[in-house]
Structure formats: structure tokens, C-alpha cells
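**Student:** Provide a 3D model corresponding to the input given below.
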Amino acid sequence: MEQTNILVVDDELNVRQLLSKILSKEGYRVYTACDGMEGLELFQTTNIDIIISDIKMPKMNGIEFLHKVKEIEPDVGFILITAFATTETAIDALKSGAQDYVTKPFDFSEILTAVKKLTISGHHGYNYLSNQNNSREGFKEKSKSPKMQKILKMAKQVAGTSATVLLTGETGTGKEVISSAIHRWSSRCDNPLIKVNCGAIPDNLLESELFGYEKGAFTGAVSSKPGRFEFADTGTIFLDEIGDISPSLQVKLLRVLQEKSFERLGGLKSIVTDVRIIAATNKNLLKEVKKGNFREDLYYRLNVVPIHLPPLRERHEDIEDLINYFLESSANISGINKPKIMDNDALECLKRYNWPGNIRELENIIERCVVISSGSRINIDCLPVEIRESDKNYVDFDDGEPLLNTAIDTKEKEVIQKALQECNGNKTKAALALGISRRSLHRKLQKYEMID
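**Tutor:** Residues are numbered from 1 along each chain as shown. Down below sits the predicted model:
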């Protein structure tokens, strides 16, 4: 198993030494820095997976350091250490881009729990978003697909209410983007939007993440901590992969939907919350209900306004515009003055491809093409071999399900295995070699059951 690299940044020598000792004992490789500037230099020259940083430091404080790190690598896990244990401070930390925060004085088991959550979830168990005019959301409003135009009309209509929304569809179809759009179009747009990936956080941690906990609720709970529902008060909470939550959590979530209140883990006081819930899943929840895996009463509480997002293969009208959009956004990220151009052969090949990974796969492919193409134009040789090979056997699948899905998945799995072997199991280097983000690689490893 690949060793996780952790960078500890704190101006107190004893904190750095103690954290380094504790984390190293748990099997992590630890690097240390005394302030944000030294931490940034180390981050730029070392393969870091998770950063633990104090906020108050000389030269460059933790928030400034966080912003600079996220500009370089948005996927890196970041835990802020703060001396204040208020909900407002927690929201500010998450709004700045941190995945978690720990308050001083802290118990080392609390630090280990925070690190474990990021390690297991691939750093993206949850995040905070305030009201922002996201250009990607605006782009999707201009969809040429009749199916998507109907969905966007429905999303705008439901945004004006507080009704619970259930988004369904295959992985990578844009459920998270639609959830952000609904929040942005709603009267809650100036309040928090909290996103939680329920499938990425273990059950024993998810309850405390959603509902918070009181001091002494479990080993390591040295202080009280609010949960995501408290952060989302007067705003929206997006519960992704809702079909993966445990039966016990389903009961507690049902109560929030029915009574608009909950208790923190280990607490007795009921907390009233005004939260709009948007849930999403790639599972057929009705089938899960029949199997006994999902509560029927919760299903109907969530399924007030169902919105099903079609896969990319059912909205070919949008592929060319999506390609051009991702070419432009990739140029901005890469610092290229002028977006690269996709030549006709490559464009037609991409339009004919079946896109089992949907829009997310298309975005990753375009990012890869921008990186590996040497000139201003992207030709067909820049495309991944699995896409070029599938194009040789192209058949129009408008009237039925594609026959090449299994072959494509098999080829993709082989390519990933080869990249991991060549990189000696280092997932960060393998993702770079494949031209995709570490997060995308993590999802593909889960899909093909290749997780160690």
C-alpha cells in the first residue's frame, strides 16, 4: 500500500515534533515546516497528500498558505488548527478550502481521526461552497440537449421552493453541478451550501460529521464540534451517494426531514435546523427499498422532486460545446494564453465515443490532451488508446445499449494497472502519467475494485 505523505506546518517546535512522532508511529511519512512560506516551498518540491497547518503563524498565516496550496493542487487534503471552537470559525475554515479543522488544545486522537477521514475518503468526503457564479454551472444552462433543457427548467422551477430534491443518474453526469445551480438560483443563495459525499466517509465517522458531537462522546472528543447540518443552517446541504448510508443513519436523517431537528452524538439537546436537502445517488433506490437496503419512508421523503440526469451518450448535442468549454478552462488552469484547438478527426472520434464515465471522463481526457499535445492543435494521436481503438469498431448505438462497454472497461482497467506498475504503486504519479487527477484515479480504482 502506498504510504501517505503528511506535511505539518506550525511555528511551535514542540507541536511539530509531537505530531511528527505520533503520525510516524501510525505509518505516515511526515515532513515539517515552521511557517507557511517554508511549508509552501516544501509542498512544491515534495509529493504531499495531506497538510496539517496552524492558522496563526509568522510570515504567512495558515489561511494564506491554504489558498496558495489550493491554487497549485486543489485535491490536497488540508486540516487547519484553530484556537477558536465556534461554528463561524469552522465555516470560515471550510469556506477557505480546508476539509477539516481541529481546535486547540487538541487530543492527538482527534488529529488521527481527521487524517484517517481524509485518507479513506480520498480527501473529498465533504466541502463547503458559498454562493459563487460558477462558470461551469452557467455553461450547463446553455445545453443544446432537449433532455437537459427540460431538466434545467425543472431545476430553476424547484429552486424557488424549499422542496427536497433527489438527483439520480450515472456517475459523472453532473449531479453535483445541478445541486449547486439549484442552490444558486434559490432564495438561500447567500447562505452556506455544504456538500457531503456519504459514500466516501465510513459509517462510524459519517454520523459525527453530519450531526456533530459533544465533548466526551467518544475517545478523542476533547471538545464539542458542530456537524454539517449546523453549518448548513438557513442554507442547503447536498448529500451525495445517499444510497450508501447505513440503516441507523437513515433513521436519524428521516427525523431531520420530518421534524427539522437532531441531537449531536452524545448530546441530549435537540438542535433545530432550517436546511434545504438535495440528495443524489447513482443507485436505483426503489430497488434498494425492495431489497431491504433502504428505508421506504426515507425514500419517499427524499423523492419529493425527482430529477434524473441522462448519461452523456444520450445528449450528444452537447459534446462539442463541452469539449470547447473544457479546452478553454484547461488553458486557464495551465496558464496558456490561447486555448488549443481540437482537429476534426479527433473531434469526430470523441463525438462517436460512448463515454462510460460521462462528463467527468470527458473533462479528464481534455485536460490530458492539453498537457501532452506539443502544438496549438490536438490531433487524434493525443487521444487515449482505448478511445482510438473503440472508434475503429464504431457502431451507431442510438437505438440500443452499446456492446463495447465491457471491452472499454476491460481496456481501461489494463491501462490503469500498467500505469500503477510502472509507477511502483504510487497513485499520484500514476494519475499524472494517465493524465487524470488523483481523485479521478481513486474513483476508477473503486469502480474496478482495485483498492488495496
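**Student:** tell me the mean pLDDT for the helix or strand hosting Arg439?
**Tutor:** In the assignment (DSSP states H and E), Arg439 maps to helix 438-447. The average pLDDT within helix 438-447 is 80.
**Student:** Sketch out the helices for the stretch 251-400 of the chain, chain order is fine.
**Tutor:** Along the stretch 251-400 of the chain, counting by DSSP state H, counting those that start in this stretch, helices occupy 285-291, 296-302, 319-334, 344-352, 358-372, 385-392.
**Student:** mind listing the helices in the stretch 51-200 of the chain by residue range?
**Tutor:** According to DSSP H, counting those that start in this stretch, the stretch 51-200 of the chain carries its helices in the segments 62-72, 87-95, 108-121, 135-140, 146-159, 175-185.
**Student:** would you list those in JSON lines and tack on distance to Leu193, mean pLDDT and mean neighbour count?
**Tutor:** Placement of C-beta: from N, CA and C, glycine included. Shown next, in JSON lines, are the helices of the stretch 51-200 of the chain (distance: least, CB to CB, whole Å; pLDDT from 0 to 100; neighbours: other CB atoms under 10 Å):
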{"stretch": "helix 62-72", "distance to Leu193": "18", "mean pLDDT": "88", "mean neighbour count": "18"}
{"stretch": "helix 87-95", "distance to Leu193": "10", "mean pLDDT": "69", "mean neighbour count": "18"}
{"stretch": "helix 108-121", "distance to Leu193": "19", "mean pLDDT": "79", "mean neighbour count": "19"}
{"stretch": "helix 135-140", "distance to Leu193": "12", "mean pLDDT": "46", "mean neighbour count": "16"}
{"stretch": "helix 146-159", "distance to Leu193": "12", "mean pLDDT": "93", "mean neighbour count": "16"}
{"stretch": "helix 175-185", "distance to Leu193": "5", "mean pLDDT": "92", "mean neighbour count": "22"}
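**Student:** Quick one, which of the ones you listed gets closest to Ala331.
**Tutor:** Nearest to Ala331 among these is helix 135-140; the distance by CB to CB comes to 13.2 Å.
**Student:** Take the helices of the stretch 251-400 of the chain and write them to JSON lines, including mean neighbour count and mean pLDDT.
**Tutor:** Output for the helices of the stretch 251-400 of the chain, formatted as JSON lines (neighbours: other CB atoms under 10 Å; pLDDT from 0 to 100):
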{"stretch": "helix 285-291", "mean neighbour count": "14", "mean pLDDT": "94"}
{"stretch": "helix 296-302", "mean neighbour count": "17", "mean pLDDT": "96"}
{"stretch": "helix 319-334", "mean neighbour count": "17", "mean pLDDT": "82"}
{"stretch": "helix 344-352", "mean neighbour count": "16", "mean pLDDT": "91"}
{"stretch": "helix 358-372", "mean neighbour count": "20", "mean pLDDT": "89"}
{"stretch": "helix 385-392", "mean neighbour count": "15", "mean pLDDT": "81"}
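**Student:** could I get those as CSV with distance to Ile242?
**Tutor:** Conversion of these to CSV gives the following (distance: least, CB to CB, whole Å):
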stretch, distance to Ile242
helix 285-291, 8
helix 296-302, 7
helix 319-334, 26
helix 344-352, 32
helix 358-372, 19
helix 385-392, 31
